[in-house]
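J.: Structure for the following, please:
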Amino acid sequence: MSGTITLTRRSGFQLRPRPYKVWIDGVAVGRLPHNGAAEFAVEPGDHLVELSLDGMYSKKVTVAVREGGTRRLHCGANGPLAFTAFGLLLPGLAIKLTLTH
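T.: Purely as a prediction, here's the structure:
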């Protein structure tokens, strides 16, 4: 039996409303649309989740998934300067990814 990682992305300040690329354990597994959600089946255990877009990325978040369980994360731009020159200088600060449950 597997578990689930669910990601949500609300609209808000987003200069780049294109989908974020979703990475789990270093593998690109799909996309997360602007103002949308995505769900990924994973084996039970610890997983590293990261998002990217145009060379910018979130910090990696470790998620412990139980068998049959769901872990939820929320993401968005890390403030109005995230996708400006500031984001290019510090690409790891552009996307905010937070474990919510």
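J.: and Val65, what are its bridge partners?
T.: Partner residues in beta bridges with Val65, using DSSP bridges, are Gly45.
J.: ugh, wrong one, I meant Lys96
T.: With DSSP bridges as the rule, Lys96 is bridged to Gly76.
J.: Let me know the pLDDT of it.
T.: Note for Lys96: predicted pLDDT of 82.
J.: Repeat that for the one 5 residues further on.
T.: If you check His101, the pLDDT there is 74.
J.: Could you tell me which residues make contact with it?
T.: Counting by C-beta atoms under 8 Å, 6 or more residues apart in numbering, His101 touches 70-72. Where you see a C-beta, it was placed from the backbone N, CA and C, and this is true even at glycine.
J.: Tell me the buried residues within those.
T.: 71-72 (16 or more other C-beta atoms under 10 Å).
J.: what's the neighbour count on the spatially closest residue to Ile95 that is not a sequence neighbour?
T.: In space, Ile95 comes closest to Ser58 once its chain neighbours are excluded; the distance is 4.0 Å by C-beta to C-beta, 6 or more residues apart in numbering. Look at Ser58: counted by other C-beta atoms under 10 Å, it has 24 neighbours.
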